[in-house]
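Undergrad: Sequence unavailable; structure follows:
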């Protein structure tokens, strides 16, 4: 805590702030939990296979021991001492934990395809310590990465480098088991994918948990196909980063069952698709999608298919989706789909489609900022659809469907707002620069009343400058507040949605108008690396200006590298 308080003080000093406060340390990072184990195999062979009976225990030998395809008696005395029986576990020598000391064996060269990790009662943990050992799959004549036809496998502190793919998992039913858990695992330069999970068994449970994982230069980072009927799917991604991918994260659903997808501090940079949830024919599984601090840069950022005959519940907060020119930031549902939920503090650059009409439950877009695209909203007469306190710059906003779209306290600048006879738009307390057909306005505002902000670059190396940029119409003034990213946002009554820890924050010096910005030169110190921040812009109106008394536009999260 002393170190973090010192860093907070240093941040305050670097920003030249008089009113900063330091009262707590940054939130702790999560830790993965491995399976129960009977014996640990300490791998010390730099070659994946080696030779049974030599002086070193190889990774493939350890997997065979776990599978029951190799016995203790077949090992040499030098190999046998690399197995440690855990006291209190009886006489079994089942290997359920493979440990690799990166200071002794920093790289394991994969000579040929590894034996698949078979399904067992206790599962398998493969873990590095003293650093993250590298599994080097870049050699010739490899057809596979690590194959895991098993319901319980945990990987921690490892690097999968090169080759056709990282890991390929097949799950049947993980009830009572860990599923697939990855903690601090990096996948780099995988020609096909980093992680693939497939599950076609009917009525089973699938589980995938990723914590602090990186995917760099993989064609597809993560692909999960739960196509079996009636399945229960659980997917969680916490502090996951994807860079240099063609496709980021993709899911394929099946018929029946339920699925929950959780995203927390996920960043994706991909050439084609960022995050995609697909429903082939008859894939009517009910879905809950939740997440905070999701950032995607791609041609097609986020696409979530919905269906009219089963519910899709979306609770998205602080998703920053910026499509390449001509691309789509968010495609959520289609006309008539049973979609509902809350979309809060979204930043969307590019085309946007949020379309529903079959749930009968409210769908609310709150405090969004959209720029430079075609925006389509749709609902039905039986489903409320509200757009609250949101700003649209250079957007052609239109409605579809068979029910009214209600916009309140919003701003439509430099574009247009157009309804249809079947789906009229009601604009209450809004500024609408160009109103088309079937738009009913009440208590219209004569000038823009909502502000925005951004940061550049998305993340910044220590020793470099990050710029906080205001985007405010005349009559508004903003103040930048910087704090540690909170594990859970404070979502009180609007406008009090706060995404940093209110116990640890500072104000940047000065007040900002129009497109003014503030540059922070991050101290060139390794102690700052990894610090995770959110910057809010607190916006106030000048006297006499028709605008909210207080605004907190969608903030920006960034990490020091």
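TA: That came in fine, so what should we check first? This one's a predicted model, so the numbers in the text were calculated from it and none came from an experiment.

Undergrad: Can you show me the strands along the stretch 451-561 of the chain?
TA: Taking DSSP state E, counting those that start in this stretch as the criterion, the stretch 451-561 of the chain carries its strands at 452-456, 465-471, 476-491, 497-507, 517-521, 532-541, 556-559.

Undergrad: So which residues make contact with the fifth one?
TA: By CB atoms under 8 Å, 6 or more residues apart in numbering, the residues outside strand 517-521 that reach it are 14-15, 463-470, 480, 508-510, 512. Bear in mind the C-beta positions are built from the backbone N, C-alpha and C, glycine included.

Undergrad: about what we covered before: now the strands of the stretch 451-561 of the chain as TSV including distance to residue 347?
TA: Listed next are the strands of the stretch 451-561 of the chain as TSV, based on distance: least, CB to CB, whole Å:
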stretch	distance to residue 347
strand 452-456	8
strand 465-471	11
strand 476-491	15
strand 497-507	13
strand 517-521	17
strand 532-541	12
strand 556-559	8
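
Undergrad: Figure out which of those strands is closest to residue 445.
TA: strand 532-541 (11.6 Å; CB to CB).

Undergrad: so the closest one versus strand 476-491, what angle?
TA: For strand 532-541 against strand 476-491, the angle by axes from the mean of the first three to the mean of the last three CA atoms, to 10 degrees is 130 degrees.

Undergrad: so how far is strand 532-541 from its chain's centroid?
TA: 22 Å (CA atoms, centre = their mean, to the nearest Å).

Undergrad: So which other helices or strands are in contact with it?
TA: Here strand 532-541 touches strand 452-456, strand 465-471, strand 476-491, strand 497-507, strand 556-559, going by 3 or more CB pairs under 8 Å, 6 or more residues apart in numbering; DSSP states H and E.

Undergrad: so what strands line up beside the first one?
TA: Read that as strand 452-456. strand 465-471 (antiparallel) (DSSP bridges).

Undergrad: For the partner strand, buried residues please.
TA: 466, 468-471 (16 or more other CB atoms under 10 Å).

Undergrad: Could I get the full set of strands for the stretch 101-250 of the chain?
TA: Taking DSSP E, counting those that start in this stretch, the strands of the stretch 101-250 of the chain run over residues 107-109, 124-129, 134-136, 146-148, 152-161, 165-170, 179-188, 193-199, 205-211, 214-216, 220-226, 232-253.

Undergrad: For residue 197, see how far away residue 272 is.
TA: Distance from residue 272 to residue 197, counting by CB to CB, to the nearest Å: 20 Å.

Undergrad: Would you mind telling me which of the two has more residues around it?
TA: A side-by-side neighbour count of residue 272 and residue 197, using other CB atoms under 10 Å, places residue 197 first with 23 against 16.

Undergrad: For the buried residues of strand 465-471, give me JSON lines that also has distance to residue 287 and pLDDT.
TA: Output for the buried residues of strand 465-471, formatted as JSON lines (distance: CB to CB, whole Å; pLDDT from 0 to 100):
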{"residue": "466", "distance to residue 287": "36", "pLDDT": "96"}
{"residue": "468", "distance to residue 287": "36", "pLDDT": "96"}
{"residue": "469", "distance to residue 287": "35", "pLDDT": "96"}
{"residue": "470", "distance to residue 287": "37", "pLDDT": "97"}
{"residue": "471", "distance to residue 287": "34", "pLDDT": "97"}
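
Undergrad: what two of those are the furthest from one another?
TA: The most distant members of the buried residues of strand 465-471, if one measures by CB to CB, are 466 and 471, lying 16.4 Å apart.

Undergrad: from memory residue 49 sits against residue 62, does it?
TA: No - look at residue 49 against residue 62 with CB atoms under 8 Å: they stay out of range, at 11.0 Å.

Undergrad: Between these two, point out the one with more neighbours.
TA: More crowded of residue 49 and residue 62, by other CB under 10 Å: residue 62, with 27 against 18.

Undergrad: Apart from its neighbours in sequence, what residue is nearest the more buried one?
TA: Closest residue in space to residue 62, ignoring its immediate chain neighbours: residue 41 at 4.0 Å, by CB to CB, 6 or more residues apart in numbering.

Undergrad: and residue 441, what is it in contact with?
TA: 427-428, 430, 432, 435 are the contacts of residue 441 under CB under 8 Å, 6+ apart.

Undergrad: top of the residues you listed by neighbour count?
TA: Compared across these, residue 430 has the highest neighbour count, 27 neighbours, by other CB under 10 Å.

Undergrad: Would you state the helices of the stretch 1-150 of the chain in chain order?
TA: Here the stretch 1-150 of the chain has its helices, by DSSP state H, counting those that start in this stretch, at 2-15, 59-67, 77-80.

Undergrad: Between strand 124-129 and the second one, find me the angle.
TA: Angular relation of helix 59-67 and strand 124-129 on a 0 to 180 degree scale: 140 degrees, by the same axes, to 10 degrees.

Undergrad: Might you calculate how far helix 59-67 sits from the centre of the chain?
TA: 33 Å.

Undergrad: in terms of contact count, name the helices or strands touching that helix.
TA: Judged by 3+ CB pairs under 8 Å, 6+ apart, helix 59-67 is in contact with strand 39-43, strand 95-101.

Undergrad: want to throw the ones you listed into CSV with distance to residue 149 and mean neighbour count?
TA: Compiled in CSV, those are given as follows (distance: least, CB to CB, whole Å; neighbours: other CB atoms under 10 Å):
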stretch, distance to residue 149, mean neighbour count
strand 39-43, 20, 21
strand 95-101, 16, 23
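
Undergrad: Tabulate these in a markdown table, adding columns for mean pLDDT.
TA: Output for the helices and strands packed on helix 59-67, formatted as a markdown table (pLDDT from 0 to 100):
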| stretch | mean pLDDT |
| --- | --- |
| strand 39-43 | 93 |
| strand 95-101 | 94 |
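
Undergrad: okay if I get those as a markdown table plus distance to residue 354?
TA: Shown next, in a markdown table, are the helices and strands packed on helix 59-67 (distance: least, CB to CB, whole Å):
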| stretch | distance to residue 354 |
| --- | --- |
| strand 39-43 | 50 |
| strand 95-101 | 46 |
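
Undergrad: Which residues does residue 286 form beta bridges with?
TA: Assessed by DSSP bridges, residue 286 has beta-bridge partners residue 258.

Undergrad: okay, now it: neighbour count?
TA: Other residues within reach of residue 286 by the criterion other CB under 10 Å amount to 17.

Undergrad: So it is in contact with residue 258, correct?
TA: Yes - assessed by CB under 8 Å, residue 286 is found in contact with residue 258 at 5.1 Å.

Undergrad: Span of stretch 100-107 from start to end?
TA: One end of stretch 100-107 to the other measures 10 Å (CA to CA, to the nearest Å).

Undergrad: Run through who's touching it.
TA: With contact meaning CB under 8 Å, 6+ apart, stretch 100-107 is reached by 42-46, 59, 108, 126-134, 136, 157-158.

Undergrad: Quick check on those residues: which are buried?
TA: 42-46, 59, 108, 126-128, 132-134, 136, 157-158.

Undergrad: Just give me the closest of those to residue 114.
TA: residue 59 (6.9 Å).

Undergrad: For that closest one, give its distance to residue 557.
TA: Noted for residue 59: a distance of 37 Å to residue 557, by CB to CB.

Undergrad: And residue 132, by the same measure?
TA: In this view, residue 132 and residue 557 are 25 Å apart by CB to CB.

Undergrad: for residue 533, which residues make a bridge with it?
TA: Beta-bridge partners, per DSSP bridges, of residue 533: residue 484, residue 558.

Undergrad: That one against residue 522, yeah?
TA: No - Residue 533 lies out of contact with residue 522 (CB under 8 Å); the separation is 10.0 Å.

Undergrad: Which one's more surrounded, the two?
TA: Of the pair residue 533 and residue 522, residue 533 is the one with more neighbours under other CB under 10 Å, namely 23 against 20.

Undergrad: In contact with that one, which residues?
TA: Residue 533 makes contact with 482-485, 500, 557-560 under the criterion CB under 8 Å, 6+ apart.
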